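In: Okay, here's the prediction I keep looking at, along with the sequence it came from:
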Amino acid sequence: MRQDNTLYLVIPCYKEQEVLPETAKRLRVKMHALMEAGQISSASRVMFVNDGSKDRTWEIIADLHEKEPELFSGVNLSRNRGHQNALLAGLMTAVNEADVLISMDADLQDDINAMDGMLEAYHNGYDVVYGVRSSRKTDTFFKRFTAEGFYKLMKALGVDIVFNHADYRLMSKRAVEGLAQFGEVNLFLRGIVPQIGYRWTTVEYARAERFAGESKYPLKKMLAFAFDGITSFSVKPMRLILHVGAIVFLISIAMLLWALISKLTGHANAGWTSLMGSIWLIGGIQLLALGVVGEYIGKIYAETKRRPRFIIEQVLNKPGDR
Ligand code: UDP
Ligand code: MG
């Protein structure tokens, strides 16, 4: 078992006044149980990040901290920055104090008992443990269909993500320090975390429904999030233009031949041949050119992200380093 086991539970909260008191109550019981079992140290904390809520969310967090500063911490963002940014803010604040960090949602839709398995994996030497939903029984057909379609589309586009994993995950201190090196502004954490590397595994859990309040992810936000995820990690949509351009160009040559043959055999109206030929040719050349430009933009895009090119896990240089 690892000795460095101070856990920080990072929880982004946006307008969560209905759920926070109950969430705090359940987490208090869970955290104390984990401490007693020796899984985490007594310095472990629950850190709530208020993502610019206009309701009583921050008051409740500040209150929790005042009454139990040894268990509850709070981070208040200057304004609403969205779930991913709020989560990152919490992780970056907590990483200085923590040995291991778990992120979860304020509504406790993710089974908090899955933390046992995550911590066990951590103690067995894993650096990243992804919480993976075992069933989507509680979801509507529409949500299930769109969500699973999204994961499949991401995979098809070559984005490395874990199937049915949202943002319920454990990360060791060094994994979060690795995350800190990713400088991108369009945050899509479930795409970035697999890029950090280190030893990882998954833990399954059943996802419940929200016990109070309503979802802060309406369809519009969900679609924007999915689009962000794809365009942040894949240049395939752009490469598609290049491929289509090449195909249209080939078709244009066939069309040209056909138009010529029609003309020579006397089946064509005057002007039709040149018109057909030029429409397809110009179209094909335009798409091809656009695709080539796109390739360059894709490279520029990747460069501007300034992602770390590597993260070193260990160096053996002196005797006794191992
Ligand atoms: N959240 C946030 N900022 C936002 C929207 C959501 O911090 O702008 C938090 C929210 O408080 C919750 C988590 O992100 O802790 C997930 O949101 P929600 O439960 O509404 O999403 P769903 O489970 O419906 O996908
Ligand atoms: Mg939720």
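Out: It's in. As the structure is a computational prediction, the values presented were derived from the model and not from experiment. Ligands and ions are numbered 1, 2, ... in the order given.
In: roughly how far apart are the residue of the stretch 151-300 of the chain found nearest ligand 2 and residue 12?
Out: For the stretch 151-300 of the chain, the residue closest to ligand 2 is residue 210, as judged by C-beta to the ion, at 5.3 Å. Every C-beta, even on glycine, is put in place using the N, C-alpha and C of the backbone. Using C-beta to C-beta, to the nearest Å, we find residue 210 at a distance of 15 Å from residue 12.
In: now swap in residue 285 and tell me
Out: The spacing between residue 285 and residue 12, counted by C-beta to C-beta, is 49 Å.
In: more crowded one of the two?
Out: When residue 285 and residue 12 are compared for neighbours, residue 12 comes out ahead with 29 against 14, by other C-beta atoms under 10 Å.
In: Tell me who's in contact with that one.
Out: For residue 12, the residues meeting the contact criterion (C-beta atoms under 8 Å, 6 or more residues apart in numbering) are 49, 51, 83, 86, 87, 90, 103, 105, 106.
In: In this structure, what residue spans correspond to strands?
Out: Along the chain, counting by DSSP state E, strands occupy 7-13, 45-50, 72-76, 100-103, 128-133, 165-172, 200-205.
In: thought residue 97 was touching residue 8?
Out: Yes. Counting by C-beta atoms under 8 Å, residue 8 is a contact partner of residue 97 at 6.4 Å.
In: Looking at the two, which is more packed in?
Out: When residue 97 and residue 8 are compared on other C-beta under 10 Å, the one with more neighbours turns out to be residue 8, at 26 against 15.
In: Model confidence for the more buried one, exactly?
Out: Per-residue confidence at residue 8 stands at 96 (pLDDT).
In: Tell me the residues of the protein that contact ligand 2?
Out: Contact residues, the chain versus ligand 2 (C-beta under 5 Å from the ion): 105, 107, 109.
In: rerun at 8 Å
Out: Contacts of the chain with ligand 2, taken as C-beta under 8 Å from the ion, map to 105, 106, 107, 109, 210, 215, 216, 217.
In: how deep is the residue lying closest to the fifth one once chain neighbours are set aside tucked in, by neighbour count?
Out: Counting by C-beta to C-beta, 6 or more residues apart in numbering, residue 210 lies nearest to residue 107, which is 4.5 Å off, once chain neighbours are set aside. As a burial measure, the neighbour count of residue 107 was computed by other C-beta under 10 Å and equals 23.
In: next one: phi and psi at residue 107?
Out: Main-chain dihedrals, residue 107, degrees, to the nearest 10: phi -80, psi 0.
In: returning to that earlier point: now, among the contacts of residue 12, which is nearest to residue 144?
Out: When the contacts of residue 12 are compared for distance to residue 144, the smallest value, 18.1 Å, is given by residue 105; criterion: C-beta to C-beta.
In: I'd say the closest one and residue 14 touch.
Out: No. The pair residue 105 and residue 14 fails to qualify as a contact (C-beta under 8 Å) at a distance of 10.1 Å.
In: Including distance to ligand 1, could the strands of the chain go into CSV?
Out: Formatted as CSV, these follow (distance: least, C-beta to the nearest ligand atom, whole Å):
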stretch, distance to ligand 1
strand 7-13, 3
strand 45-50, 7
strand 72-76, 11
strand 100-103, 10
strand 128-133, 11
strand 165-172, 7
strand 200-205, 14
